[in-house]
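K.L.:
Using only what follows, build the 3D model:
(chains A, B and C)
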Amino acid sequence: MLTYTLKRLLMAIPTLLIVITISFFLMRVAPGGPFDGERQLPPEIEANLEAAYHLDEPLPQQYLRYMGNLLQGDFGPSFKYKDFSVTELIAQGFPVSLEIGGLAILLALLIGLPLGIIAALRRNTMIDYTVMGTALAGIAVPNFVIAPILALVFGVLLAWLPAGGWNGGAWPNLVLPVIALSIQQIAYIARMMRASMIEVLGSHYIRTARAKGLSERQVIWRHAIRPALLPVTSYLGPAIAGIITGSVVIEQIFGIPGIGRYFVQAALNRDYTLVMGTVVFYGALIVLMNLLVDLLYSALDPQIRYDD
Amino acid sequence: MTTDTTPYSGHNLPPGSPNPPAEPDPVAGESLGQDAWRRLKQNKAAMVSLILLILISAVCVIGPYLLPWGLAEVDWNAFNAAPSFESGHFLGTDANGRDLLTRTLYGGRVSLSVALVATFVSLVIGVLYGAISGYVGGRVDSLMMRFVDIMYSLPFMFLVILLMVVFGRNIFLIYAAIGAVEWLDMARIVRGQTLALKQREFIEAAHALGVRDRKIVTRHLIPNAIGPVIIYVTLTVPKVILLESFLSFLGLGVQEPLTSWGVLISEGTDMMQSAPWLLLVPSLFLAVTLFCLNFLGDGLRDALDPKTR
Amino acid sequence: MLRHSHTLLGAMALSSLALATSAQADTLNIGVMGELASFDTSQVSGGVWESQVLMDVYEGLLKKNPEGEAIPGMATDWEISEDGKTYTFHLRDEATWSDGEPVTAEDFVFGWQHLLDPASASKYAYLLYPIKNAKAVSTGDKPLDALGVESLDDGKTLKVTLNSPTPFFLQLLTHYTAYPLPKHAVDEYGKQWVKMDNIVTNGAFEPAEWISQSRITVKKNPEYYDADEVSLDSVNYFNTEDRNAAISRFRAGELDIIRDYPSSRYQWLEENLPKATHLSPMLGSYYYVLNTRDGRPTADKRVREALNLVARRKVLSEQIMAGSFKDAYSLVPPGTSHYDVQQMDGVDGDYAKRLAKAKQLIEEAGYGPDHPLQLKLRYNTSDEHKKIAIALAAMWKPLGVEVEMTNAEATVHYQTIQEGDFDVARAGWIADYNDAENFLTLLRSGVGNNYGGYDNAEYDKLLDQAASTLNLDKREALLEKAENVALDDYALVPLLYYVTRNLVNPEISGWQDNAEDDHPSRWVKFSE
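P.N.:
Coordinates of the predicted model:
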């Protein structure tokens, strides 16, 4: 297992190199540039800008320059937020996104998993329908609708919580964004957990376990839940990477200084260095999360083995 | 970790050895499809949902021809007008004085077809890719999954922009683009299931009997992984519908005067206090569709489950 | 609905910053719609929200009063030579940076040279082009010290030499491109001088904390010459890109001011928060560019006239935009100094007649049911732009015009229309400084912002003449004549004049609507 893990970590290097290379060229051939805006710049000023950011060099040379800097751990300065380097922006924003996203995932697991299990055990009863109906509502209402409604109801009309702002991460400021972010995840997790629980409960070995006279509790806790977690785990790997890197919608509506907005804004602004920074960061997280998921597979189902 | 007290607990128990009759060995004279359909028909919730879905689709296709207003037709006397029978705007109008019901139905055509095509694309690619990767395993699995990692990490926006530059602005491209990113989750889920399934007795038995790999994957692995797949499909649909509205924001989705549910909902959100119907109407259509899909999905899962067949 | 926010929430914000000296500290919370690019004025990206922060922490030779008028700032008085080309400014004795160092003419020379230095690659360097040799410095053809600015009398006097008399030059000096930079701090820290620990400024406030994408906090600058008159202890600028969410935060009492609330909410706000809702004319024009290049249907003047005739601007401003814009019939907006609003012919008045005439023009231009006029209309993604595009397409429909609408994100939109791939395209212009020439350049041939490629020798000549005319009345007549040439040519479709839209806590004073939408926090007070 250790060899496998090391091998996978080693493979992350070529994987990320490919990601960086494709993204670099993808970004650069897309129309629109960092200096295109409502006001056309005089040619001499555009020339100054291109020279300052080395955009006047041939693309392969720019690529080599970027890779060279990257190897020294330098992501470069942001094209748009000039008083910060890309590293500073990510270092400042990621803890915030991680906090909100981590809490949201935790909440989603704490609520979603039990709901899914209960619904599966009480399959086709009122409990099942109520739980799943509520969960579905969470999927059917997108977070760009939920978030402003939460801010309006709890921030303005009831005035129980701040309608927005970060305030250094004080808990009242966390509540609404975490809820808004987790509602959809709760629904996803509950749905998937219910389905795979039903699947597992119907399988031969659970029947065998029951036949052997194990109590229902033992059957469920010992034998059913673990294999049923498999599909949820597959989903969670990339989902966690996505959630802890923030959500542009939630961050903009609640005014949270996370990094989610950079994924969209950097792309819209054609802030080349920031785009690359987010790509590298997110890519590394994806690789890591998927590795963790694969390792978890073996823990959940010991028959799953990877060739070392 | 709990301490094991029974001899059958934990690792000793072969998880998921299927029942002998659970093998996809349909009753003679009845094909797989007919069998599933028979089972589906017995599920009331699923049938009601199916009928509702057909109804919604039919209304979206036929409805606009029956309504007095055109997709882009402006009623110069009714901007942001509330629902009213007298004016003929049964569900009100938008800020440009266009009939909301008409637009919601047209939007339904776009959203439903995006959902259908994109989800289907993601289903086919994801299931096949995941099953092959998990079944073959080893180096192939490793390489195929690293490719998935790469696809996850590429900046989606530039990928779509580039596709558009290469293939031109085209509604089918939107579907393809969305399908092309949404298959990744599906592939990882199916691969996870396959890894678990392929160790089990019935697969090994099939191997021993000399069944060809291709047949094992399509006849044994995929049907047994169908449960999570169907559920994930029902979860993909809302994602896809909302993703389309983000593409429209970039100017890569549908162009005015055409619209979609995702676009209508995001427009409605801004106006939810002064003109709530702009949010409620498309949201309601979307919600009903998703509820139906969900129950239909559950029914389908039961009907297709080889273990209960 | 509105609660006192400056006591409770202000205190909360302050205590979290460990800045609080007393619970009564007055903090102004402003929601701005974007992120400041830099405290280095040469690196600013041009968002209107950026000038709000910069004008609070820096001060130029002139500054703005609450009404938006230029009044003495770092300079107490000045002389202008007879030919209008030389300005001599006398600096305030007590002008100091926030670290106590005096502000000298050297700091202005340094700041302006830095802005024009090709290595700084400043986007807005061209605003200082009226200064002698500025353009040559910016292109790198001349050294920095060739710039026509000089520090005299040990830095007490600044002498500026211009290329030609520039009537709006004093206006220009209130813009952030003309702020001084702290030479001593830049010398000491190099590029790192903008970091919160190192920065010094000369305005009423100094930067204290910056949480990227969330909040910038500035606190009162005790060294400011007028510090006794500054009522606020600190100002927070919250980045509230989601402007609907900003309204919720305003209603919850978390923000005192929201800049630029969404136009679609105007009516609702007017009904529900009438005392806080502000709307007033602004120096900005919202128009459609017509592509006049050969081969385009809009190269035909008859087509351009017809499109203009049936654009019902009153419907746009009052129905579609629900009163949150003003209908426009010219390029240069009302309120522009030394300028009278012009009017395009025939675009106001009886609609039936206009429609009949437009139909006739379209027919004369060779279009009809068998050969309908097809137009490619491009706009950048935004709720407002979308509504207007849809409305215009509907207004042009009676002429048999088939409009193909295409939206794109802003960068792609402007790149595409720059390349000329459109017939009709959305554009807008907010004045950099209060002068008609700033708008009229938009139609000058060969200028980058002239997206439609309008090319009229007479127009260009009138602008050239105006540029070298010292007499303000004569200059005004020339500029007005030029605009009329373009309007008679139907060179564009003027649609709306921008308005300023702000939500302002009624408890504050010293904040006034003005056409340039500049509101220095220096004047703002919470009334008891």
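K.L.:
Could you give the number of residues near the closest residue to residue C:142 other than its chain neighbours?
P.N.:
Of all residues not flanking residue C:142 in the chain, residue C:136 sits nearest, at 4.0 Å (Cβ to Cβ, 6 or more residues apart in numbering or on different chains). For every residue, glycine as well, the C-beta is placed using N, CA and C. Residues contacting residue C:136 under the criterion other Cβ atoms under 10 Å in any protein chain shown number 16.
K.L.:
contacting residues around the helix or strand harbouring residue C:136?
P.N.:
If you go by DSSP states H and E, residue C:136 is part of helix C:134-139. Residues outside helix C:134-139 that contact it (Cβ atoms under 8 Å, 6 or more residues apart in numbering or on different chains): A:44-45, A:47-48, C:113, C:116-118, C:125-126, C:128-129, C:142-144, C:146-148, C:163.
K.L.:
coming back round to it: now do the residue nearest to residue C:142 against chain B, distance only.
P.N.:
39 Å (Cβ to the nearest Cβ, to the nearest Å).
K.L.:
Pass me the low-pLDDT residue ranges in the stretch 51-200 of chain A, would you?
P.N.:
For the stretch 51-200 of chain A, no stretch has pLDDT under 70.
K.L.:
residues in the stretch 101-250 of chain C within reach of chain B, list them.
P.N.:
residue C:244 (Cβ under 8 Å from any Cβ of the partner chain).
K.L.:
Apply 10 Å and report the result again.
P.N.:
C:242-244, C:247-248 (Cβ under 10 Å from any Cβ of the partner chain).
K.L.:
Can you tell me which of the residues you listed is closest to residue A:77?
P.N.:
Nearest to residue A:77 among those: residue C:242, at 26.7 Å, using Cβ to Cβ.
K.L.:
Tell me the pLDDT of the residue nearest to residue C:142.
P.N.:
You'll see residue C:136 listed with a pLDDT of 93.
K.L.:
and residue B:68, how many residues sit next to it?
P.N.:
For residue B:68, the count of nearby residues is 10 (other Cβ under 10 Å).
K.L.:
And it, its phi and psi?
P.N.:
phi -70, psi -10 (degrees, to the nearest 10).
K.L.:
Leaving aside the residues adjacent along the chain, what's closest to it?
P.N.:
Take residue B:68 and drop its neighbours on the chain: the residue closest to it by Cβ to Cβ, 6+ apart is residue B:88, 5.5 Å away.
K.L.:
what about the residue of the stretch 351-500 of chain C found nearest chain A, which SS state?
P.N.:
As assessed by Cβ to the nearest Cβ, chain A sits closest to residue C:448 within the stretch 351-500 of chain C, at 2.9 Å. Under DSSP: H, G, I helix; E, B strand; the rest coil, the three-state class of residue C:448 is coil.
K.L.:
ok, how many other residues are close to the residue in the stretch 51-200 of chain B that chain A sits nearest to?
P.N.:
At 3.4 Å from chain A, residue B:153 is the closest residue in the stretch 51-200 of chain B, using Cβ to the nearest Cβ. Neighbours of residue B:153 under the rule other Cβ under 10 Å: 27.
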